[in-house]
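Trainee: what follows is a predicted structure for the sequence shown.
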Amino acid sequence: MQELTNNINQKSLDLKEKVLVFDIETQRGFNEISTISEMGIAVAVSCDCKSCEYKYYTEENAQELVDDIFNADVVVGYNCISFDYTVLKGYTNRDFDSVKTIDMMRIVQKSLGFRPKLDNLLEATFGEKKTADGLQSLRWWKQGKIDLIKEYCYHDVRLTNALYEFGRDNGFVWARNKGGVKAKVQVKW
């Protein structure tokens, strides 16, 4: 996977647009809040696809993440429109509808007819899985293990970036359908 990511990132240097890939891990789970905007940022990570530079954010510099999103030409995430942007609405009144966004989950959902987990696409496309999940991240938050959340979120953004670039460069990603059969999903992002 590391070699694949490095090769894909080399192609990124030719990008004319500033593409920002990001993900957010929260402080609270769904059972602890009444709206997603109350979840709070534990850790967020972004990757500038052109420079391959990763950046970390916490609740203290959430506005910096908002600014980075609005300064990008294109923002990429996985379920970012319904989830990550809604979390960020707890920190700003800016209108995320004005941001050119590629929400890979929504695009693949249209083809598959269901909302696939990121792990589904990562395993089918690269044979690799996430290192943890959101529930584990919440446990780490409660235990004060911020470094583990940073590492997990970084890994998620690295894989999300690789998936985005694979789909962009090849016009498809792989996924498992409801029956578990590996299927080629055409994408244009």
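Mentor: Alright, I've got the coordinates. Quick caveat, the model's predicted, so the values are computed rather than measured. Numbers count the residues shown, from 1 in each chain.
Trainee: can we go C-alpha only for contacts and neighbour counts from here?
Mentor: Noted.
Trainee: give me the buried positions along the longest helix along the chain.
Mentor: For the chain, the helix that runs over the most residues, judged by DSSP state H, is helix 146-170. For helix 146-170, the neighbour count (16 or more other Cα atoms under 10 Å) marks 146, 149-150, 152-167 as buried.
Trainee: elements contacting that helix?
Mentor: On a contact count with 3 or more Cα pairs under 8 Å, 6 or more residues apart in numbering; DSSP states H and E, helix 146-170 meets helix 2-12, strand 19-26, strand 41-48, helix 118-126, helix 134-142, strand 172-176.
Trainee: okay, now the sheet partners of the second one, with direction.
Mentor: So that's strand 19-26. Strand 19-26 sits in its sheet next to strand 41-48 (antiparallel), strand 74-77 (parallel), going by DSSP bridges.
Trainee: okay if I get those as a markdown table plus mean neighbour count and mean pLDDT?
Mentor: Output for the strands paired with strand 19-26, formatted as a markdown table (neighbours: other Cα atoms under 10 Å; pLDDT from 0 to 100):
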| stretch | mean neighbour count | mean pLDDT |
| --- | --- | --- |
| strand 41-48 | 24 | 98 |
| strand 74-77 | 22 | 98 |
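Trainee: and these as JSON lines, adding distance to residue 186?
Mentor: Below are the strands paired with strand 19-26 laid out as JSON lines (distance: least, Cα to Cα, whole Å):
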{"stretch": "strand 41-48", "distance to residue 186": "24"}
{"stretch": "strand 74-77", "distance to residue 186": "17"}
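Trainee: and those strands: which comes nearest residue 64?
Mentor: strand 41-48 (10.8 Å; Cα to Cα).
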